[in-house]
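Peer 1: next input, structure requested:
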Amino acid sequence: MKHLLLFGIIIFVGSMSYAQKDTVVVPGYYETLTYGTLNDAIDAAITDNSINNKVFKLNPYEAYVLSRSIYIDKGQSLEIVAPTPLRAGDADAETVQNSAPPQIIWTEEAITKDYVIQTYGDLIMKNIWVRFADFIGSKVASSISFENQDEADNPERGTFDGCIFDYNGIGAEGGGTILVKGDDFIGKFENCYWRNNSDNHFRYYGRAVSFPYQSSGWHSDSLFFENCTFDNLGRLVMSEGNEFHSNIQLNHCTVLNTVEWAIQTAGWNKNMSITNSIIVNPFMYGYRAVDVCDADQTFDDFEAGLCRNPNGSVIDNVTPVDSFGFTDFVDFTDHDRSIFIGNDAYVYTDYMKNWYTDCDWCKTQHQNRNDIELFHPSPMVNQNAIDQFFDSTDAQNNKEFPRMNIDNSTIYGDDPAFVVEATNQDTMLIFIEYKWSTAADIDWSYEPNAGFNQVWPLPENLAYNNTQYQTAAMNGFPLGDLNWYPGQMAAWQAQKNAEWANINSWLDNGTPTDVKEKAGATPINYVLSQNYPNPFNPTTKIDYSVPKYSYVTLKVYNTLGQEVSTLFDGQQQAGNYVATFDGTGLSSGVYMYRLESDGVSISKKFVLMK
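Peer 2: Numbering: from 1, shown residues only. Here you go, the predicted structure:
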């Protein structure tokens, strides 16, 4: 493995306390020329009953070859860590390469390899590269499995920071890299990278987090992903049967090339937020006119918009609670549910859009006047869900589900133009065509040998050239995984709590945290007051009044007329409101804020002085 150097830019950051735990430094294969060193160290701690008081520290640029699955029993916890790797520019190329995250891989010997780790307890991993392959490079269908603890108020917990999950097609039991077989799994993933979880045959395998195939009864309480990247996989999160994930949150994530839904059966969730993220080429498989048209309808009907709405590519639908078909863990109604989607890029690249008509099989369908069999890109969210939930109003024209919102003013559609896109276009497009036609197999991974050779940094670079996106996240930060923008990470961390207060306010109240209703008589006119204080640094408040239920926007612009912040965008009851604007990340100068509603537009200037 240790024989290639390539250059890219990536950094994984985070901190973890080892307080009151003993550190066990575990030698790897290149030091010992021995398989199973990690197995032996963990088994020894289990035998002497010290597993809960140990931190297993792995060495950089090492390979830890498993000779058997790692098994953690109920009441036990496992913590595996490694030093934070360097990034390009931190040191000379050899030093950076030598800081590569250690890999956990399988022996090539014939043993049962279902579970890399099978745990009935808690698991913490930091800066570990799990490559779901054996020592000679062959892909291995396996998982990190969280099993049911069967104890009240004792959920299954997985905490991952700076980890890479690489080259896994099908997980154990038809699951994912993370396999959930518990009642109340809590998964926290920060600064993690799912790379090439691409199956060679099945379009729906290669999952980041999943229940077992055709299982029922399992449940996760929370899946949290922040500053994570997913490229070349079947789905991010999967559930089927009588099981679901109650809460899913993606913030500052980069998603590139999913064959099917990013989040399958999202309609069963209680709460969800997808914010400050970039989603490129979701649900590449697409949908056909024949799938949404009735038997007596034609392709002309499809083009005229007379057929049914297709499922969404990121959220396939929102299912009413009374239609779930199961009751386990369902303790909520539709009005208890919260969904927020905002400050996101949702993009199909030109080469992907063109493939829906340009592939050889596609051309044949067109020549045979069989266009009703052709596939098409899917919308971000099913239109039925938008009509039934996001935009639904009651008899008084009030928003029926005020905590289900898509902030369309902050959804972008231009290509981010990644610096080095993690896409093997030729094999990826052929794979999609095969799924439309012959169902033949092909490995469509991007640079899998970089993983096999433990190249560091990896050759891809998912920073991007789209300058609008570099300030389009909340408070002016780049969209997507900020590990591709390491220079922005410290400033982002400093305002992280305020950002999450804003996201949670959308989920809890259906409005941003910086917009609050004030007591007082119902206004008779639209009013926009001068901000206070003015000048300000970095925050200021803006009072405004809305005389009737209407669609309202309150936005901030620079002197070039470019939008720099959306303080409110949505339906609002008649009332008096106060919005808070935070100029952190902006330069000193004159800005303008504008209230627009029902044909009324009012603007005022204010001064940010640092």
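Peer 1: ok, longest helix in the chain?
Peer 2: Criterion DSSP state H: the longest helix present in the chain is helix 489-509.
Peer 1: can you tell me the element Ile430 falls in?
Peer 2: Taking DSSP states H and E as the definition, one finds Ile430 inside helix 425-436.
Peer 1: residues making contact with the longest helix of the chain?
Peer 2: Helix 489-509 has contacts (CB atoms under 8 Å, 6 or more residues apart in numbering) with 11, 13, 249, 251-252, 271, 273, 275-276, 338-340, 342, 402-403, 405, 407, 474-475, 477, 482-483, 511-514, 582, 584-585. In this view, the C-beta of every residue, glycine as well, is placed from N, C-alpha and C.
Peer 1: one more: stretch 305-318?
Peer 2: 258, 261-267, 272, 274, 279, 282-283, 287, 289, 291-294, 297, 301, 339, 341, 346, 376-385, 388-389, 404.
Peer 1: got the end-to-end distance for it?
Peer 2: End-to-end distance of stretch 305-318 (CA to CA, to the nearest Å): 21 Å.
Peer 1: so His335 is in contact with Asp394, correct?
Peer 2: No: His335 lies out of contact with Asp394 (CB atoms under 8 Å); the separation is 11.0 Å.
Peer 1: returning to that earlier point: buried ones in whichever helix or strand comes after the helix holding Ile430?
Peer 2: Using DSSP H and E, the next helix or strand after helix 425-436 towards the C-terminus is helix 448-452. The neighbour-count check on helix 448-452 (16 or more other CB atoms under 10 Å) flags Pro448, Ala450, Gly451, Phe452 as buried.
Peer 1: downstream of the longest helix of the chain, the next helix or strand is which one?
Peer 2: Per DSSP H and E, the first helix or strand lying C-terminal to helix 489-509 is strand 515-518.
Peer 1: quick one: list the elements packing against that following strand.
Peer 2: The helices and strands touching strand 515-518, judged by 3 or more CB pairs under 8 Å, 6 or more residues apart in numbering; DSSP states H and E, are strand 575-582.
Peer 1: so what are the sheet partners of the strand it packs on and their directions?
Peer 2: strand 515-518 (antiparallel), strand 539-546 (antiparallel) (DSSP bridges).
Peer 1: what strands line up against whichever helix or strand comes after that strand, and which way round?
Peer 2: Going down the chain from strand 575-582, the next helix or strand is strand 589-597, by DSSP H and E. In the sheet, strand 589-597 lines up against strand 550-557 (antiparallel), strand 600-608 (antiparallel) (DSSP bridges).
Peer 1: quick one: contacts of the longest one?
Peer 2: Read that as strand 600-608. 526-531, 534-538, 540, 583, 586-596.
Peer 1: report the buried members of those residues.
Peer 2: Buried residues within those, counting neighbours by 16+ other CB under 10 Å: Tyr526, Leu528, Asn531, Phe536, Thr540, Gly583, Leu586, Tyr591, Tyr593, Leu595, Glu596.
Peer 1: quick check: beta-bridge partners of the second one?
Peer 2: Just to be clear, that refers to Leu528. Tyr544.
Peer 1: hmm, it is touching Thr553, no?
Peer 2: No: between Leu528 and Thr553 there is no contact under CB under 8 Å: 11.7 Å.
Peer 1: overlap in contacts, the two.
Peer 2: Common neighbours of Leu528 and Thr553 (CB under 8 Å, 6+ apart) are Leu595.
Peer 1: okay, helices next: where are they in this protein?
Peer 2: 29-32, 37-47, 93-97, 289-292, 299-303, 350-358, 360-367, 383-385, 425-436, 448-452, 489-509.
Peer 1: out of those helices, nearest to Glu156?
Peer 2: The minimum distance between Glu156 and the helices of the chain falls on helix 37-47, with 18.2 Å, by CB to CB.
Peer 1: distance from that closest one to the middle of the chain?
Peer 2: Once both centres are worked out by CA atoms, centre = their mean, to the nearest Å, helix 37-47 turns out to sit 34 Å from its chain's centre.
Peer 1: now do stretch 535-545
Peer 2: 33 Å.
Peer 1: likewise stretch 454-464?
Peer 2: 19 Å.
Peer 1: end to end, how far does that stretch reach?
Peer 2: 24 Å.
Peer 1: repeat that for stretch 71-81.
Peer 2: First-to-last residue span, stretch 71-81, CA to CA: 17 Å.
Peer 1: please apply the same query to stretch 592-609.
Peer 2: Using CA to CA, the two ends of stretch 592-609 sit 14 Å apart.
Peer 1: any buried residues in that stretch, and which?
Peer 2: Of all the residues in stretch 592-609, those buried under the rule 16+ other CB under 10 Å are Tyr593, Leu595, Glu596, Ser597, Lys604, Phe606, Val607, Leu608.
Peer 1: domain ranges for this protein?
Peer 2: Using automatic domain parsing, the domain ranges for the chain come out as 26-476, 514-608.
Peer 1: can I get those in a markdown table with distance to Ala501?
Peer 2: Below are these laid out as a markdown table (distance: least, CB to CB, whole Å):
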| stretch | distance to Ala501 |
| --- | --- |
| domain 26-476 | 10 |
| domain 514-608 | 9 |
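Peer 1: I'd say Val280 and Val255 touch.
Peer 2: Yes: using CB under 8 Å, Val280 is in contact with Val255, at 6.7 Å.
Peer 1: okay, now the spatially closest residue to Gln264 that is not a sequence neighbour: neighbour count?
Peer 2: What sits nearest to Gln264 in space, not counting adjacent residues and going by CB to CB, 6 or more residues apart in numbering, is Met238, at 4.7 Å. By other CB atoms under 10 Å, the residues close to Met238 number 27.
Peer 1: please name the bridge partners of Met238.
Peer 2: Beta bridges link Met238 to Ser210 when assigned by DSSP bridges.
Peer 1: list the contacts for it?
Peer 2: Residues in contact with Met238 (CB under 8 Å, 6+ apart) are Gly176, Tyr204, Arg207, Val209, Ser210, Phe211, Gln264, Thr265.
Peer 1: can you tell me how far it sits from Asp328?
Peer 2: Distance, Met238 to Asp328, using CB to CB, to the nearest Å: 18 Å.
Peer 1: next one: Leu250
Peer 2: Taking CB to CB, one finds Leu250 at 25 Å from Asp328.
Peer 1: excluding chain neighbours, what is closest to the residue located most distally from the centre of the chain?
Peer 2: Residue farthest from the centre of the chain, counting by CA atoms, centre = their mean, is Ile524 at 43.8 Å. In space, and not counting its chain neighbours, Ile524 is closest to Pro547: 5.5 Å by CB to CB, 6+ apart.
Peer 1: can you give me the neighbour number for the closest residue to Thr580 other than its chain neighbours?
Peer 2: Spatial nearest neighbour of Thr580, chain neighbours left out: Asp514 (3.7 Å); criterion: CB to CB, 6+ apart. Residues near Asp514, counting by other CB under 10 Å, number 21.
Peer 1: surely Asp514 meets Gly583?
Peer 2: No: counting by CB under 8 Å, Asp514 does not reach Gly583; the two are 11.8 Å apart.
Peer 1: CA atoms of stretch 223-238 as CSV?
Peer 2: Taking C-alpha atoms only, stretch 223-238 is exported to CSV below (Å, rounded to 0.1, in the frame of the first residue of the first chain):
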residue,chain,number,x,y,z
LEU,A,223,-28.7,10.6,12.6
PHE,A,224,-26.6,13.7,12.6
PHE,A,225,-24.2,14.5,9.7
GLU,A,226,-22.1,17.7,9.7
ASN,A,227,-19.3,18.6,7.4
CYS,A,228,-19.5,15.2,5.8
THR,A,229,-18.9,14.2,2.1
PHE,A,230,-20.7,11.4,0.3
ASP,A,231,-19.6,10.5,-3.3
ASN,A,232,-20.5,7.6,-5.6
LEU,A,233,-23.0,5.5,-3.6
GLY,A,234,-26.5,4.1,-3.8
ARG,A,235,-28.2,6.1,-1.1
LEU,A,236,-27.2,8.1,2.0
VAL,A,237,-29.9,6.8,4.4
MET,A,238,-32.2,3.9,3.8
